[in-house]
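>>> Using only what follows, build the 3D model:
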Amino acid sequence: MALRQKRKELYKRSLRVLFSLFLIAAHTVSFAYVWLNYYFQGMAAPFFERGNWLLYAVYALLFIVFLFCFDGLKYGLYRRPNIILSQVLATLGTAFITYLQISLLSLRFVAVLPIVCMVLVNIVVSIVFTFVSDGIIRVLFPAKKMLVICDNYPPDQLLRKMRGRRDKYVPQEVVNVSEGMEVLSEKMLNAESVLIYDVHSEMRNRLIKFCFENDIRAYSTTKISDILIRGAERIHVFDTPLLLYRNIGLTMEQRFFKRLMDIVVSLIMLIIASPFLLISALAIKLYDGGPVFFLQDRCTIGGKVFKIHKFRSMIVDAEKDNTPHPAEDRDPRITPVGRVLRATRLDELPQLIDILMGNMSIVGPRPERVEHVEKYTAEIPEFSYRLKVRGGLTGYAQLYGKYNTSAYDKLQLDLMYIQNYSLLLDIRLILLTVKIMFMKESTEGFDEPKGTPILSAEEENSSEENKEQ
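Modelled structure (predicted):
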């Protein structure tokens with residue numbers, strides 16, 4: 001049975017690849033039609049048929065790159081609205097660059113209407129195709145029944161999350177490792193998949209090896225050491241495999257190019273956003289006459305303290321008692337101007353100044369308040385690991401976490417970024433930030449307190465948006 005399920009999973013991946021190729025081909029054919037009928041004759045120096053095929057290949061390659069950056073091919077993994085949004089953004093990005101290419105080939109700005117029509121057609125194709133392909137995958141590969149193995153901590157919080165994705169996960173039984181390996185082995189052999197939740201390392205190793213030996217699909221929650229291991233470098237100087245842990249954060253070359261990108265991108269964004277900065281500042285000042293910015297001490301690389309800049313979005317004395325109060329949806333302390341700034345993320349724009357000054361980076365762990373760093377480090381000693389890089393305007397934890405994700409989980413996400421850093425990863429995360437801006441979930445406040453095993457999100461985010469004096 002296990003072998004048959006494994007082969008079925010191989011077909012699932014093949015089917016996903018086939019769907020992806022079909023989508024790319026459909027978009028490319030659409031572009032080829034527009035190119036040949038509306039733009040080809042307007043070229044300054046028309047090329048032969050091979051040139052057309054090269055242009056089609058460039059279009060397809062651009063579309064693939066954008067789909068990868070926006071996670072637009074995760075059929076059966078992400079929800080349909082997520083996939084559709086990713087494909088729409090990939091379509092727009094590809095069309096924009098393609099329009100510039102055509103204009104360069106024509107030595108003038110060409111008519112934009114054919115490209116716009118092509119984009120609309122491709123968006124419709126993406127929507128229809130996503131519903132069809134995702135529906136086929138769900139029918140052919142229904143959610144697997146899952147055995148959950150835990151240790152000292154109950155997996156209730158994770159199970160609540162999984163209940164939101166019943167199309168993928170169907171936890172059926174929870175069993176504690178105290179039952180013994182013999183009982184666990186029998187249950188695992190009869191399960192379609194296994195989730196190993198926060199089990200101590202010795203037993204977890206036995207469980208993972210057992211699943212590997214018996215071709216059982218297995219999931220496991222991560223520990224800090226797991227993430228550090230994934231970032232290690234494999235070396236083969238000897239015939240004994242070794243893992244090298246450099247443990248220095250980014251290399252000098254990575255720091256140089258990351259800082260160079262920060263300067264270039266922040267300058268360009270400041271120039272582009274200057275009208276919005278001016279309008280936002282005037283709106284805040286005219287509304288109540290209070291300060292336009294609020295400044296707050298935050299920690300960045302190496303524990304350095306700097307003052308972060310944000311547009312004020314709350315009333316002047318939002319917290320007279322100097323006690324953090326989490327921001328809620330429809331919070332009365334948020335001004336009408338502030339509500340617009342928050343909804344559009346314009347309140348974050350002044351942080352481009354912090355990036356230009358070198359206190360922050362475009363991408364990195366979110367810089368925390370000094371007292372929060374001290375508190376979190378006391379609770380989670382590894383929390384200081386985040387300070388190996390500059391704090392960022394956007395980051396791995398902001399994109400893949402949620403507003404109420406626990407401090408420990410955010411720490412793990414940030415360490416995944418640090419341990420696997422590359423300039424291409426930064427570019428991808430910047431593009432994903434554009435996608436996240438269209439997703440409501442990232443802007444939700446704290447309507448109800450939600451507990452976490454280590455630190456609550458309320459404690460973590462209490463002053464992120466509302467310590468405005």
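>>> How many residues are close by the closest residue in space to Ala26 that isn't next to it in sequence?
Closest residue in space to Ala26, ignoring its immediate chain neighbours: Val125 at 5.3 Å, by C-beta to C-beta, 6 or more residues apart in numbering. Every residue, glycine included, has its C-beta placed from N, CA and C. Residue neighbour count, defined by other C-beta atoms under 10 Å, stands at 17 for Val125.
>>> before we move on, what about the one 4 residues further on?
Using other C-beta under 10 Å, Phe129 has 20 neighbouring residues.
>>> my guess is it contacts Ala26, does it?
Yes: the pair Phe129 and Ala26 passes the contact test of C-beta atoms under 8 Å, sitting 7.2 Å apart.
>>> Next one: the residue nearest to Ala26 from Leu295, what distance?
Distance check for Val125 against Leu295: by C-beta to C-beta, to the nearest Å, it reads 48 Å.
>>> quick one on the thing from earlier: check contacts around the residue nearest to Ala26.
Taking C-beta atoms under 8 Å, 6 or more residues apart in numbering as the contact definition, Val125 lies against 23, 26-27, 30.
>>> Narrow those to those in helices?
Using DSSP state H, the members of the contacts of Val125 that fall in helices are 23, 26-27, 30.
>>> which one of the residues you listed has the most neighbours?
His27 (28 neighbours).
>>> Report the contact partners of that residue.
Contacts for His27 were tallied using C-beta under 8 Å, 6+ apart; they are 59-60, 63, 91, 94, 122, 125-126.
>>> Over to Asp414?
Taking C-beta under 8 Å, 6+ apart as the contact definition, Asp414 lies against 365, 386, 395-397.
>>> Dump those residues to a markdown table, plus secondary structure and neighbour count.
Putting those into a markdown table (DSSP: H, G, I helix; E, B strand; the rest coil; neighbours: other C-beta atoms under 10 Å) gives the following:
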| residue | secondary structure | neighbour count |
| --- | --- | --- |
| Pro365 | coil | 28 |
| Arg386 | helix | 27 |
| Gly395 | coil | 27 |
| Tyr396 | helix | 25 |
| Ala397 | helix | 24 |
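>>> and which of those is nearest to Lys307?
Proximity of these to Lys307, judged by C-beta to C-beta, is greatest for Pro365, which lies at 17.9 Å.
>>> what kind of secondary structure is the residue nearest to Ala26 in?
For Val125, the reduced secondary structure class is helix; criterion used: DSSP: H, G, I helix; E, B strand; the rest coil.
>>> ok, now the one 3 residues further on?
Per three-state DSSP, the secondary structure class of Val128 is helix.
>>> ok, Cys299 to Ala57 distance?
Applying C-beta to C-beta, the value for Cys299 to Ala57 is 47 Å.
>>> Looking at the two, which one has more neighbours?
Looking at Cys299 and Ala57 with other C-beta under 10 Å, you find the greater number of neighbours at Cys299, namely 22 against 11.
>>> which is the next helix or strand following whichever strand or helix holds Lys310?
Here Lys310 sits within strand 305-311, counting by DSSP states H and E. Using DSSP H and E, the helix or strand that follows strand 305-311 in sequence is helix 336-344.
>>> what is the rounded mean pLDDT of that following helix?
Model confidence over helix 336-344, given as mean pLDDT, is 88.
>>> just checking, what packs against it?
Identification of packing neighbours for helix 336-344 by 3 or more C-beta pairs under 8 Å, 6 or more residues apart in numbering; DSSP states H and E yields helix 252-288.
>>> got the angle between the helix it packs on and helix 336-344?
Going by axes from the mean of the first three to the mean of the last three C-alpha atoms, to 10 degrees, helix 252-288 is angled at 150 degrees with respect to helix 336-344.
>>> okay, the angle between helix 252-288 and strand 305-311?
Relative orientation of helix 252-288 and strand 305-311, computed by the same axes, to 10 degrees: 50 degrees.
>>> can you put the contacts of Asp414 in JSON lines and add distance to Ile315?
JSON lines is the format used below for the contacts of Asp414 (distance: C-beta to C-beta, whole Å):
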{"residue": "Pro365", "distance to Ile315": "30"}
{"residue": "Arg386", "distance to Ile315": "32"}
{"residue": "Gly395", "distance to Ile315": "29"}
{"residue": "Tyr396", "distance to Ile315": "33"}
{"residue": "Ala397", "distance to Ile315": "29"}
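>>> Closest to Ile248 out of the residues you listed?
Scanning the contacts of Asp414 for proximity to Ile248, where the rule is C-beta to C-beta, the winner is Arg386, at 14.7 Å.
>>> Can you give me the separation between the closest one and Gly164?
Arg386 sits 28 Å away from Gly164, going by C-beta to C-beta.
>>> how about a markdown table for the contacts of His27, with distance to Leu278, secondary structure and pLDDT added?
Shown next, in a markdown table, are the contacts of His27 (distance: C-beta to C-beta, whole Å; DSSP: H, G, I helix; E, B strand; the rest coil; pLDDT from 0 to 100):
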| residue | distance to Leu278 | secondary structure | pLDDT |
| --- | --- | --- | --- |
| Tyr59 | 38 | helix | 97 |
| Ala60 | 41 | helix | 97 |
| Phe63 | 36 | helix | 97 |
| Thr91 | 32 | helix | 97 |
| Thr94 | 32 | helix | 97 |
| Asn122 | 36 | helix | 97 |
| Val125 | 40 | helix | 96 |
| Ser126 | 37 | helix | 96 |
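>>> Same list, these, but as CSV with distance to Phe257 please.
Putting the contacts of His27 into CSV (distance: C-beta to C-beta, whole Å) gives the following:
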residue, distance to Phe257
Tyr59, 28
Ala60, 28
Phe63, 26
Thr91, 29
Thr94, 26
Asn122, 34
Val125, 37
Ser126, 34
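>>> now, which of these sits nearest Phe306?
Looking across the contacts of His27 and measuring by C-beta to C-beta, the closest to Phe306 is Thr94, at 38.2 Å.
>>> contacting residues for that closest one?
Thr94 touches 27, 59, 62-63, 66, counting by C-beta under 8 Å, 6+ apart.
>>> ditto for Ile418
The contact partners of Ile418, by C-beta under 8 Å, 6+ apart, come to 231, 249-250, 365, 385-386, 388-389.
>>> Can you pick out the most distant pair from those residues?
Pairwise distances across the contacts of Ile418 peak at 14.6 Å for Gly231 and Pro365 (criterion: C-beta to C-beta).
>>> Just the helices from the stretch 1-150 of the chain, written as ranges.
Taking DSSP state H, counting those that start in this stretch as the test, the helices found in the stretch 1-150 of the chain are 2-34, 49-69, 80-106, 113-140.
>>> Give the residue spans of the stretch 1-150 of the chain that score low on pLDDT.
Per-residue confidence for the stretch 1-150 of the chain (pLDDT under 70) gives these ranges: 1-9, 48.
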